[in-house]
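1. Give me a 3D structure for the following:
(chains A and B)
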Amino acid sequence: AQSVTQLGSHVSVSEGALVLLRCNYSSSVPPYLFWYVQYPNQGLQLLLKYTSAATLVKGINGFEAEFKKSETSFHLTKPSAHMSDAAEYFCAVKGGSSNTGKLIFGQGTTLQVKP
Amino acid sequence: NAGVTQTPKFQVLKTGQSMTLQCAQDMNHEYMSWYRQDPGMGLRLIHYSVGAGITDQGEVPNGYNVSRSTTEDFPLRLLSAAPSQTSVYFCASRLGVGTGELFFGEGSRLTVL
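-> Numbering: from 1, shown residues only, chains lettered A, B, ... in the order given. Below you'll find the predicted structure:
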């Protein structure tokens, strides 16, 4: 069965610093991987996704993630944090067989951005 | 464009009461799903549907029922609420079962006393 593990439930960075949020996956088949963001009191929004094309995926708001098969990782990065990036971030993997459409989420990482 | 609409946004129940969380989408999406979000647990899949008349269980289905009589609606029923069902519930939909974006509602916060 597919699963994802997010390392670190809370990450704190200064404004302008590098953002690195870690995600490792487990999958017996080539995975489809996603990063979603949740702002306070809202639903989740898609940041980016990996679907077996380019291993470096660019998303919205300056975020990107690199798929590394050898490390079973899909870490999310942003070169320079903004105050508006403070939110909760979820890594997810498409689970089950190809015709179920299930998305399995990690535990989430809260990003705090300090001025 | 309304997207995914959930009602109610807030609800307080007593143990043993029943209620239905409503979810409607106006994007003609085949795939719909319910998640619950709890601190430190991320989002856990309760039930999902790949089309009208078709539903299946997710990771944590116990205590919840669903049905899908139309493409637009996917209600979640709690037959006998328990304090362990205190959570924030999200409905989400997607055009198909592929790798497209999952669109989320704004959530329904349920407290069971």
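
2. ok, now which ones touch the most centrally placed residue in chain A?
-> By C-alpha atoms, centre = their mean, chain A has its centre lying nearest to A:Trp35, at 3.3 Å. A:Trp35 makes contact with A:21, A:23, A:46-49, A:59, A:63, A:65, A:74, A:76, A:89-92, according to C-beta atoms under 8 Å, 6 or more residues apart in numbering or on different chains. Using the backbone N, CA and C atoms, a C-beta is placed for each residue, glycine as well.

3. mind redoing it with 10 Å?
-> Contact partners of A:Trp35, counting by C-beta atoms under 10 Å, 6 or more residues apart in numbering or on different chains, are A:21, A:23, A:46-50, A:57, A:59, A:63-65, A:74-76, A:89-92, A:106.

4. where does the residue lying closest to it once chain neighbours are set aside fall, helix, sheet strand or coil?
-> Closest residue in space to A:Trp35, ignoring its immediate chain neighbours: A:Leu47 at 4.3 Å, by C-beta to C-beta, 6 or more residues apart in numbering or on different chains. Counting by DSSP: H, G, I helix; E, B strand; the rest coil, the backbone at A:Leu47 sits in strand.

5. Sheet partners, orientation included, of the helix or strand of chain A with the lowest mean pLDDT?
-> In chain A, the helix or strand scored least confidently by mean pLDDT, DSSP states H and E is strand A:103-105, which has a mean of 89. Looking at strand A:103-105 with DSSP bridges, its partner strands are strand A:87-94 (antiparallel).

6. residues contacting the residue nearest in space to the middle of chain B?
-> Closest to where the C-alpha atoms of chain B average out (C-alpha atoms, centre = their mean) is B:Trp34, at 3.0 Å. Counting by C-beta under 10 Å, 6+ apart, B:Trp34 touches B:6, B:21, B:23, B:44-49, B:58, B:60-61, B:64, B:66, B:74-76, B:89-92, B:105, B:108.

7. any weak-confidence spans in the chain?
-> Using chain A here. A:96-100 (pLDDT under 70).

8. um, chain B though
-> Residues of chain B meeting the criterion pLDDT under 70: B:1.

9. Paired strands for the strand ranked longest in it, with orientation please.
-> In chain B, assigned by DSSP state E, the strand with the most residues is strand B:42-51. Each strand paired with strand B:42-51, and its direction, by DSSP bridges: strand B:31-38 (antiparallel), strand B:54-57 (antiparallel).

10. could I get those as JSON lines with distance to B:Ala2?
-> Formatted as JSON lines, these follow (distance: least, C-beta to C-beta, whole Å):
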{"stretch": "strand B:31-38", "distance to B:Ala2": "15"}
{"stretch": "strand B:54-57", "distance to B:Ala2": "23"}
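
11. Return the most buried member of those.
-> Of those, the one with the most neighbours on average (mean count of other C-beta atoms under 10 Å in any protein chain shown) is strand B:31-38, at a mean of 24.

12. Quick one: distance of it to the chain centre.
-> From the chain centre to the centre of strand B:31-38 is a distance of 5 Å (C-alpha atoms, centre = their mean, to the nearest Å).

13. can you pull out the strands in chain B?
-> Using DSSP E, the strands of chain B run over B:4-7, B:10-13, B:19-25, B:31-38, B:42-51, B:54-57, B:64-66, B:76-78, B:87-94, B:103-104, B:108-112.

14. Having no further points to raise, I will conclude here.
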